[in-house]
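Asker: with the sequence up front, the predicted model follows.
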Amino acid sequence: MKKRSIIVCICLLLAASLMAAPRYGRTAVTHWLGLSLTGVEANMLPASSSGVKPKAGYGGQAHLQYEIHAGKFFFNAGLGFDYIVTNNAMASYSDAFDRVDLMGEQLIYRYVYSDFKEQERQLRFILPVQFGYEIGEWMYIGVGAEFRAAPFINNFKSSGRMFAEGEYERFIEPIRNSEQYGFWPESELNTIPLRAGADAHEVAVELELGARVPMGKKGLARFGVYAGYDIPVEYSSKTPTPLFDYSRIDTNPATQSWENTQKYLQINSLLGSTLMNITTQRLRVGVRVSLLINVTRTPSQCMCLRDYY
């Protein structure tokens, strides 16, 4: 239902744009083909209190577009690609479990993480539409919407530091740095790029403002600043997963080790984990360059018989 609603909204925007364009006669409407390139800085806006802090990301877009001009108004629609890199970090995080040590004594076994960072990369197909108005001879303003399909390339890598400690009732401080009991010292934690867990369609609303420069008789270039607000509209049927999955780790106090943990600990994507709100949104700002060529056909002259009488 959400996907249908987005498509309906885009169709309505297209219809409204065409209806809003004033009619200036047969020669007022011109047709253009073009290429649009966008570079952005992207920042996540998570509604989360889990300690996840977004860091500046970056990205770019490239799409082909068809554009209609009617007087000072213009409308375009296109098809292209969107590439985005997002960065998130956590200063500290821990998971704790009830365990039994080598002597059969109960304890709380804790995995402690610090300086955790994750970078996620996504590549999507996009369907942008825009309605704009030319201001004077050189300026323009445009508003639009963009539908982005779920990413067909979506991977992440993470890094950080980790140690293990044991908390006993009879001790004031946790036990650390005792590898023979499974409490290893702080060590580097890294993962190879893996498939990320958050697969969502997105819709964005956009605003663009800039200058337009004619190029010859049929060319036009636009140079603008751009701002966009991204909202996930549909997630896959996957349920959020824990950030760290310990199900494959050997928990026997006699054999557990850092090597075993490093080999079998599964780290999931922050964006698809229970630590993040799945309605995480994104703000983009950047620059956009559009190059267009007028492909309007010139009406041919009719040599009618009445012209000879």
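Answerer: On my side now, so go ahead.

Asker: and stretch 289-297, average pLDDT?
Answerer: The average of the pLDDT scores along stretch 289-297 is 94.

Asker: which stretches in this structure count as helices?
Answerer: With DSSP state H as the criterion, the chain has helices at 2-20, 258-264.

Asker: lowest mean pLDDT across the ones you listed, which one is that?
Answerer: Among the helices of the chain, helix 2-20 scores lowest, at a mean of 49.

Asker: tell me the centre residue of the protein?
Answerer: Ile84 (5.3 Å; Cα atoms, centre = their mean).

Asker: residues in a beta bridge with the closest residue to it other than its chain neighbours, which ones?
Answerer: Distances taken as Cβ to Cβ, 6 or more residues apart in numbering place Gly59 nearest to Ile84, at 3.7 Å, with adjacent residues excluded. C-beta: built from backbone N, CA, C; applies to glycine. Applying DSSP bridges to Gly59 gives these bridge partners: Val40, Ile84.

Asker: and Gly59, how many neighbours?
Answerer: 20 (other Cβ atoms under 10 Å).

Asker: wait, what's in contact with it?
Answerer: Gly39, Val40, Ala42, Asp82, Tyr83, Ile84, Val85, Arg284 (Cβ atoms under 8 Å, 6 or more residues apart in numbering).

Asker: same thing but 6 Å
Answerer: Val40, Ala42, Tyr83, Ile84, Val85 (Cβ atoms under 6 Å, 6 or more residues apart in numbering).

Asker: where in the chain is pLDDT low?
Answerer: Applying pLDDT under 70 to the chain picks out residues 1-27, 46-50, 191-199, 234-240, 253-254, 277-280, 299-309.

Asker: what are the buried residues along the lengthiest strand in it?
Answerer: Longest strand of the chain, by residue count under DSSP state E: strand 106-135. Going by neighbour count (16 or more other Cβ atoms under 10 Å), the buried part of strand 106-135 is 107, 109-113, 116, 118-122, 124, 126-132, 134.

Asker: give me the sheet partners of that strand and which way each runs.
Answerer: In its sheet, and by DSSP bridges, strand 106-135 pairs with strand 73-100 (antiparallel), strand 139-148 (antiparallel), strand 153-167 (antiparallel).

Asker: what's the nearest residue to Thr241 if we skip its chain neighbours?
Answerer: Closest to Thr241 by Cβ to Cβ, 6+ apart is Asn268, at 4.6 Å.

Asker: and Gly219, by the same measure?
Answerer: Ile293 is the one closest to Gly219 (Cβ to Cβ, 6+ apart), at 5.6 Å.

Asker: enumerate the beta-bridge partners assigned to that neighbour.
Answerer: Leu33, Gly219.

Asker: ok, it - contacts?
Answerer: Counted by Cβ under 6 Å, 6+ apart, Ile293 has contacts Leu33, Lys218, Gly219.

Asker: mind doing that once more with 10 Å?
Answerer: His31, Trp32, Leu33, Gly34, Leu35, Met215, Gly216, Lys218, Gly219, Leu220 (Cβ atoms under 10 Å, 6 or more residues apart in numbering).

Asker: what do you get for Ile249?
Answerer: Contacts of Ile249 (Cβ under 10 Å, 6+ apart): Tyr111, Gln256, Ser257, Asn260, Thr261, Gln262, Lys263, Tyr264, Leu265, Gln266.

Asker: residues in contact with the residue nearest to Glu202 when sequence neighbours are not counted?
Answerer: In space, and not counting its chain neighbours, Glu202 is closest to Arg148: 4.2 Å by Cβ to Cβ, 6+ apart. Arg148 makes contact with 6, 61, 81-82, 84, 122, 124-128, 200-204, 230, 232-233, according to Cβ under 10 Å, 6+ apart.

Asker: Lys55: neighbouring residues, count only.
Answerer: Neighbour tally, Lys55, other Cβ under 10 Å: 13.

Asker: that one contacts Phe116, doesn't it?
Answerer: No. Applying Cβ atoms under 10 Å, one finds Lys55 not in contact with Phe116, separated by 11.8 Å.

Asker: so what sits against both of the two?
Answerer: With Cβ under 10 Å, 6+ apart, Lys55 and Phe116 have common neighbours Asn88, Ala89.

Asker: quick check: Trp40 touching Val287?
Answerer: One correction, residue 40 is Val, not Trp. Yes. Contact status for Val40 versus Val287: in contact at 8.1 Å, counting by Cβ under 10 Å.

Asker: sweet, I'm off.
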